[in-house]
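Q: Got a predicted model here, sequence first, then my questions.
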Amino acid sequence: MKSPEEQLAQKELNFAIVDEVDSILIDEARTPLIISGPTERVTDHYYEVNTIVKDLVPHTHYTLDEKNKTAQLNDDGINAIEKAMGIDNIFDIKYVDMLHHFNNSIKAHALYNKDVDYVVKDGEVIIVDEFTGRMQPGRRYADGMHQALEAKEGVNIESENQTLASITFQNFFRMYDKLSGMTGTAMTEAQEFQSIYNLEVAVIPTNMIMVRKDNPDVIYRTVKEKFDAIVDEIEDMNKIGRPVLVGTSSIEKTEIISSVLNKRKIKHEVLNAKNHEREADIIKDAGQKGAITIATNMAGRGTDIKLGEGIADLGGLHILGTDRHESRRIDNQLRGRAGRQGDPGSSRFYVSLEDDLMRIFGSEKISSIMEKLGMKEGESIQHPIISKSIEGAQKKVEGFHFEIRKHLLDYDNVMNQQRNVVYSLRKDVIAGDANEQIIQETIDGVIDNMVEVFINATEKPDFAEFENEIEQIFDIEFKFNEDRKELQNDLKTLNELVNKKLEEKRDQFGGYFAEVVRFLYINILDTKWKENLHQMDYLRDSVGLRGYGQKDPLNEYKREAYNLFLEMLNKVNSDVVKFLFHVQVQEESDVEQASKREKVQTTEEHKDIFGDDQQQEAKKKPVTRNMPKVGRNDPCPCGSGKKFKKCHGVQEEASATEEEIEV
């Protein structure tokens, strides 16, 4: 995205070795990489929208789809918003932006949870990585979502961002000639690695034989029953001195368990995004006798937790999962904290029917089994069949997320073709080696496009309009012959005049011609590309509705994206030529005269504020004293008997103040 070639940071993409490759190429790949910059849009309306949305009621004014993390206004919600805003129709085209803000605000209130999806720290809304539990300062939700969360939490709203560049993880990493990586939990995603990245997964045996005992899941009816059982097991382990690592899926759950342990006066450590600075200190003691560590998924990933003396005889580190994650790999990473390098250890996961995974994706079979057994409060089921059912629910989620990533990639593949064209052209222009050829091809392309539009427009072309367009773009007065048979000769003459004008510009700019071409091309290309990205976002949102008309949204997207891209390239070429042929070189004397005229005009306009030129010159002179320097509270040397600050000091202070203002 830089202009001088020496500032380009991205070199040849020869090979990459990716650590935690499943986290990067699979988990992170659901959202594209985006470089954005601030816009000048006002942000006050976010507070206004938030005030209205706070009074809306879920399932009464809008419906929620937690699976897809979307919200939809219903008739009651629409009526409530229109009444609050004092308007007739929120779906009117002039309110399209406002409707978008309302949808974001509803999602912020109903689907994004504090201390789960984000934290508020030092007056900022900071995203929490759903896979690692770590804070991600500097990263922001796109498309106004972050601003909606800032309004919800009542913190300062930062300006909206516009997309400057975008690419998916898949298309970025596929640009490398050789790609590889490593992780302890890739086998469950082997199919996706093969189909998307053409990567084979090879399993390397553990250094020492694995002796960890992985117990079947324990399932309860309610979250409360589950948490009570979890704390009971922590307490039992603590009594025999066995260390426990408790894994949670959110900051909120770490704090719930921590508060229960505090009530029971059980000493423990909490590790989450709020105190991640202490991660190393907490993890190094997590295997010591009596240690209880409650942590989100961030806990010591990729490290060996060293067991204290005598802990191996007690059974090693015990892993306690407070719920099943949407991905089996995340659970496997938590289990992998124990049983390292042949150490003993054990693991157990607790699940309730009220957990998000079970509620949204879980099989109703488990619920019916529990009902038939007539289970009472506090009772649980523990059986391998239950663990398999839960694993089945996780497979459903993984398949769902794979479809999201594949869908994202299908659309980005269209963008990727455009991206390759734009950045290849950009690199060629920056290098400057072929700029003479590029500008000639650009001019020829503009003329060809103008002729094509002109000829195909009507049966009887408007020569006057064509001549006017030529003058606007090439700064050339040209007249066509009325006889259509002479059109080829006219176009040949036009080409000769344009090339002559180009030579004049080349002579006018001298050695700076290539630099001017580079400057114009890069600035115009970047501006048009940003506009194209913005249009592509809107296009992608709109084509989804065409499925109702029995049209394939992806094919519609491809077709219209192609047309938008051709239109963008034509605008780039036209604007580059127009600016090049109209720009003038100013002599230094002209610049000086223009500067003087501007100065005189400014002086006249602001004479009442700054005074005339004589006053200005007087102010620029240094302050001089007619008497020795005297302290402000000393007697004035003039003999008046007054303090200096009350006598001649008043005059000196006034002069000094004037000097400060001038400075």
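A: Perfect, thanks for sending it.
Q: Where does the prediction get shaky in the stretch 301-450 of the chain?
A: Per-residue confidence of the stretch 301-450 of the chain (counting by pLDDT under 70) places the weak regions at 301-303, 361-378, 383, 434.
Q: Helices of that one, residue ranges please.
A: With DSSP state H, counting those that start in this stretch applied, the stretch 301-450 of the chain shows helices at 311-314, 328-335, 356, 364-372, 384-431, 435-457, listed in chain order.
Q: Report the buried residues of the first one.
A: Residues of helix 311-314 classed as buried under the neighbour-count rule (16 or more other CB atoms under 10 Å) are 311, 314. C-beta coordinates here come from the backbone N, C-alpha and C atoms, glycine included.
Q: State the distance from residue 355 to residue 250.
A: In this structure, residue 355 and residue 250 are separated by 12 Å, where distance is defined by CB to CB, to the nearest Å.
Q: Residue 49 now?
A: For residue 49, the distance to residue 250 equals 27 Å [CB to CB].
Q: next one: the helix or strand hosting residue 270 to chain centre, how far?
A: Residue 270 is part of strand 269-271 when elements are defined by DSSP states H and E. Centroid separation between strand 269-271 and its chain, computed with CA atoms, centre = their mean, to the nearest Å, is 29 Å.
Q: Adjacent strands (with direction) for that strand?
A: Based on DSSP bridges, the pairing partners of strand 269-271 within the sheet are strand 292-295 (parallel).
Q: which sections of the stretch 501-650 of the chain are below the confidence cut-off?
A: Within the stretch 501-650 of the chain, the stretches falling below the threshold (pLDDT under 70) are 544-549, 585-635, 637-650.
Q: Please repeat the previous calculation with a cut-off of 90.
A: In the prediction, the stretch 501-650 of the chain carries residues with pLDDT under 90 at positions 501-521, 523, 526-527, 530-561, 563-564, 567, 577-650.
Q: Helices of that one, start to end?
A: 513-543, 553-582, 588-605, 607-610, 613-620, 648-662.
Q: Ok, the stretch 151-300 of the chain next?
A: Going by DSSP H, counting those that start in this stretch, the stretch 151-300 of the chain shows helices at 169-173, 190-197, 223-239, 251-263, 279-284.
Q: Same list, these, but as CSV with mean pLDDT and distance to residue 463 please.
A: Conversion of these to CSV gives the following (pLDDT from 0 to 100; distance: least, CB to CB, whole Å):
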stretch, mean pLDDT, distance to residue 463
helix 169-173, 91, 47
helix 190-197, 90, 55
helix 223-239, 92, 78
helix 251-263, 89, 71
helix 279-284, 83, 75
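Q: Residue 431: what's it in contact with?
A: If a contact means CB atoms under 8 Å, 6 or more residues apart in numbering, then residue 431 has residue 5 as its contacts.
Q: Identify the residues contacting stretch 234-245?
A: 246, 257, 261, 264, 266, 268, 286-293, 295, 299, 305, 307-308, 311, 314-320, 334, 337-338.
Q: try 7 Å
A: Here stretch 234-245 makes contact (CB atoms under 7 Å, 6 or more residues apart in numbering) with 246, 261, 264, 266, 286-293, 295, 299, 311, 314-315, 317-320, 337.
Q: Stretch 20-34 too?
A: The set of residues external to stretch 20-34 that reach it, using CB under 7 Å, 6+ apart, is 18, 131, 142, 163, 166-170, 172-173, 181-183, 185-186, 189, 192, 197, 329, 401, 404-405, 408, 412.
Q: End to end on that stretch, go ahead and measure it.
A: The first residue of stretch 20-34 is 21 Å away from its last residue (CA to CA, to the nearest Å).
Q: List the buried residues in that stretch.
A: Under 16+ other CB under 10 Å, the buried positions of stretch 20-34 are 20-29, 32.
Q: now do stretch 255-275
A: Within stretch 255-275, the residues that qualify as buried by neighbour count (16+ other CB under 10 Å) are 255-258, 260-261, 266, 268-274.
Q: Residue 58: which of these is nearest?
A: Set against residue 58, the nearest of the buried residues of stretch 255-275 by CB to CB is residue 256 (22.3 Å).
Q: Now do the contacts for the closest one.
A: Remark: with contacts taken as CB under 7 Å, 6+ apart, residue 256 is in contact with residue 227.
Q: Begin at 10 from now on, thanks
A: OK, 10 is where the count begins now, so the last one is residue 265.
Q: quick one: residue 136 is in a helix?
A: No - checked against DSSP: H, G, I helix; E, B strand; the rest coil, residue 136 lies outside a helix; its state is strand.
Q: For stretch 59-69, the averaged confidence score.
A: Throughout stretch 59-69, pLDDT has a mean value of 91.
Q: start to end distance for it?
A: From the first residue to the last, stretch 59-69 extends over 17 Å; the measure is CA to CA.
Q: quick one: buried residues of it?
A: Judged by neighbour count using 16+ other CB under 10 Å, the buried positions of stretch 59-69 are 59, 62, 65.
Q: Would you report which members of these are assigned to helices?
A: In this view, the buried residues of stretch 59-69 that belong to helices under DSSP state H are 59, 62.
Q: Dump the buried residues of stretch 59-69 into TSV; add distance to residue 21 as well.
A: Converted to TSV, the buried residues of stretch 59-69 look like this (distance: CB to CB, whole Å):
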residue	distance to residue 21
59	48
62	49
65	53
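Q: which residues in the stretch 60-209 of the chain form strands?
A: Under the criterion DSSP state E, counting those that start in this stretch, the stretch 60-209 of the chain contains strands at 71-74, 79-82, 127-130, 133-136, 170-176, 187-191.
Q: List the neighbouring strands of the fifth one plus their orientation.
A: With DSSP bridges as the test, strand 170-176 is paired with strand 42-47 (antiparallel).
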